[in-house]
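Participant: Take a look and give me a structure for this.
(one chain, ligands or ions: 1)
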Amino acid sequence: MHREATIEVNGLRKRFGPTVALDGMSFTVRPGRVTGFVGPNGAGKSTTMRVILGLDAADTGTALVGGRPYGGLRDPLRHVGALLDAAALQPSRTARNHLLWLAHSQGLGTRRVDEVIEQVGLRSVARRRAGGFSLGMRQRLGIAAALLGDPPVLMLDEPVNGLDPEGIRWIRGFLRSLAAEGRAVLVSSHLMGELQDTADHLVVVGRGRVVADTGVADLIAAASQGRVAVRTLHPDRAMTALAHAGAAVTVTGRDTLTVSGLPAERIVTFLSANAVPFSEVAAHRATLEEAYMELTRDAVEFRAGREAAR
Ligand SMILES: Nc1ncnc2c1ncn2[C@@H]1O[C@H](COP(=O)(O)OP(=O)(O)OP(=O)(O)O)[C@@H](O)[C@H]1O
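Facilitator: Modelled structure (predicted):
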């Protein structure tokens, strides 16, 4: 693993007065993949990113970019690019001047500015004032700024928030291509569905700590295990027959049931034996959203159990 392209977060704790924002946050972001950083509002994602960038100080714990604390990086833009708040720019400056100002402050040349403008598709508006930009254009400008130093590590806080479908598609593809170049890409979201087609790996957080650190494919496989989807125009009759056979059945759509505790072949046998017509019996593939619900339900039960035991 090229340590250059990593983020290593270890045991971060941080309080804001009575609020515990980070409660032992630990994870590693590896090169060559998009890591989704997911959790409900207030789970501590932004605070973690701010600590990684040295914008907030943790009470305890360490955060390293390419093996070093942010404060110890010479020319930080060459090590890590970040998009935290796309609204934070000088409205009277043109997009290109905004980037030139950033680039020159870090000893980067004008040519690099024109390269990133091209890369994010802003050429036709580069000489317009950023103050008049749509949210989607601001996001592109923010990403251009993050890319200026050609950094091996990229970090984006809720980059698709408020974008139109075209903007969302563009960001997804763009993040995938940055990871394919071998960079470490960390992208936060409070919506699991947003990461379904983008992330390879997930760090799921709740209440300031990691709830799960897992590959997307593994998570979906685990959540799908042993479940079978049944499509029938007679869900009531199918439910009765399958419940009799000892299966657990839930209604998941107008004409679909999800069955667990019975293999697909036996479901077919029971439905046929009870003369219940069906059009499909197939292994269920969980969505990322479902997998996430399952994960966080466990976390909620764990917390409830722990609190009850006090
Ligand atoms: N500057 C601050 N002062 C006081 N409390 C803060 C501050 N920054 C964050 N918090 C609190 O710390 C907790 C974690 O917030 P954080 O913004 O990191 O969560 P998040 O997962 O990024 O959620 P969101 O998606 O809403 O930004 C929240 O309870 C928040 O209210």
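
Participant: And the strands in this structure, which stretches?
Facilitator: 7-16, 19-29, 33-38, 60-65, 80-83, 153-157, 184-189, 201-206, 209-215, 227-231, 248-251, 256-260, 280-283 (DSSP state E).

Participant: Let me have the ones you listed in CSV, adding mean neighbour count and distance to residue 135 as columns.
Facilitator: In short, each C-beta sits where N, CA and C put it, glycine included. Formatted as CSV, those follow (neighbours: other CB atoms under 10 Å; distance: least, CB to CB, whole Å):
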stretch, mean neighbour count, distance to residue 135
strand 7-16, 18, 26
strand 19-29, 19, 26
strand 33-38, 25, 21
strand 60-65, 18, 27
strand 80-83, 24, 12
strand 153-157, 24, 14
strand 184-189, 26, 16
strand 201-206, 24, 25
strand 209-215, 17, 30
strand 227-231, 21, 38
strand 248-251, 14, 39
strand 256-260, 19, 37
strand 280-283, 12, 40
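
Participant: Output those strands as a markdown table; include the columns mean pLDDT and distance to the ligand.
Facilitator: Shown next, in a markdown table, are the strands of the chain (pLDDT from 0 to 100; distance: least, CB to the nearest ligand atom, whole Å):
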| stretch | mean pLDDT | distance to the ligand |
| --- | --- | --- |
| strand 7-16 | 97 | 3 |
| strand 19-29 | 97 | 3 |
| strand 33-38 | 96 | 9 |
| strand 60-65 | 97 | 13 |
| strand 80-83 | 94 | 14 |
| strand 153-157 | 95 | 7 |
| strand 184-189 | 95 | 7 |
| strand 201-206 | 93 | 7 |
| strand 209-215 | 92 | 11 |
| strand 227-231 | 92 | 30 |
| strand 248-251 | 91 | 30 |
| strand 256-260 | 91 | 30 |
| strand 280-283 | 90 | 34 |
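
Participant: can you list these in JSON lines and add distance to residue 177?
Facilitator: What follows is the strands of the chain, written out as JSON lines (distance: least, CB to CB, whole Å):
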{"stretch": "strand 7-16", "distance to residue 177": "19"}
{"stretch": "strand 19-29", "distance to residue 177": "17"}
{"stretch": "strand 33-38", "distance to residue 177": "10"}
{"stretch": "strand 60-65", "distance to residue 177": "21"}
{"stretch": "strand 80-83", "distance to residue 177": "14"}
{"stretch": "strand 153-157", "distance to residue 177": "11"}
{"stretch": "strand 184-189", "distance to residue 177": "10"}
{"stretch": "strand 201-206", "distance to residue 177": "17"}
{"stretch": "strand 209-215", "distance to residue 177": "20"}
{"stretch": "strand 227-231", "distance to residue 177": "34"}
{"stretch": "strand 248-251", "distance to residue 177": "39"}
{"stretch": "strand 256-260", "distance to residue 177": "36"}
{"stretch": "strand 280-283", "distance to residue 177": "32"}
